[in-house]
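# structure here, sequence nowhere to be found:
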């Protein structure tokens, strides 16, 4: 009887392409790569709400130092205004700008693109408030210079032409703005009695024609009549 030789047939090597172990490892690597890719985009896109939080405080500072409404505004008022404007901007414009971003970057997930769009809206709103504040500040400074000039003209006129009981108080003026940059009313009290000497000042006119007497009604009563 001849000898029987048994030959062992090894199983598929994990290093051989197509082997079950190799397929599983490849699938895991692909899943890891896809997860990392999504995580990277999500991390890059997680800018909206941190930017929103910073922007509302920036808007408060803008309102305090460069008021975009009126002559002055509080920090809290600016924060509230910025919060409302930013929320409305994100709700109304983030999808539109996100679509623009997604068209520009087709590899970017839609949700991330919308996040980018919302972040851009928040930044643009703060930039717009700053621009409006700068323009408003320039107008405030200009009006203040005109007001200062009007007061100087009133003091000079009163100190030169008013009766003696008012001339001594020529530098204790009370000025009411009728129309900013155009018309002002300045009054001084009498030295001896509760009386006032008032003038109308129009700074845009030549110096000799810019100040005229305007009766003795104090500005507090005059303002009530206008209201």
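Thanks, I have the structure now. The structure displayed is predicted, hence computed values, not measured ones.

# in stretch 216-227, what's buried?
218, 219, 222 (16 or more other CB atoms under 10 Å). C-betas here are computed from N, CA, C, even on glycine.

# oh, I was asking about stretch 80-90
In stretch 80-90, counting by 16+ other CB under 10 Å, buried: 81, 82, 83, 85, 86, 89, 90.

# name the residue closest to the centre of the chain, please.
residue 129 (3.0 Å; CA atoms, centre = their mean).

# and the host helix or strand of that one, what does it pack onto?
Element membership of residue 129, judged by DSSP states H and E, is helix 110-161. Judged by 3 or more CB pairs under 8 Å, 6 or more residues apart in numbering; DSSP states H and E, helix 110-161 is in contact with helix 20-45, helix 48-65, helix 75-104, helix 164-167, strand 174-179, strand 183-189, strand 196-201, strand 211-213.

# how near is residue 150 to residue 139?
From residue 150 across to residue 139, the span is 16 Å (CB to CB, to the nearest Å).

# higher neighbour count, the two?
Between residue 150 and residue 139, counted using other CB atoms under 10 Å, residue 150 has the larger neighbour count: 27 against 13.

# surely that one and residue 203 touch.
Yes. Under the criterion of CB atoms under 8 Å, residue 150 makes contact with residue 203 at 4.8 Å.

# between the two, which contacts overlap?
Common contact partners of residue 150 and residue 203 (CB atoms under 8 Å, 6 or more residues apart in numbering): residue 184.

# how about stretch 106-123: buried residues?
Buried residues in stretch 106-123 (16+ other CB under 10 Å): 108, 112-123.

# same check on stretch 155-167?
Taking 16+ other CB under 10 Å as the neighbour-count basis, stretch 155-167 is seen to contain the buried residues 155, 157, 158, 162, 166.

# any idea how far the closest residue to the last one other than its chain neighbours lies from residue 137?
The spatially closest residue to residue 166, leaving aside those adjacent along the chain, is residue 197, at 3.9 Å (CB to CB, 6 or more residues apart in numbering). According to CB to CB, residue 197 stands 34 Å off from residue 137.

# with neighbour numbers in mind, choose between the two.
Remark: of residue 197 and residue 137, residue 197 carries more neighbours, 22 against 15, as counted by other CB under 10 Å.
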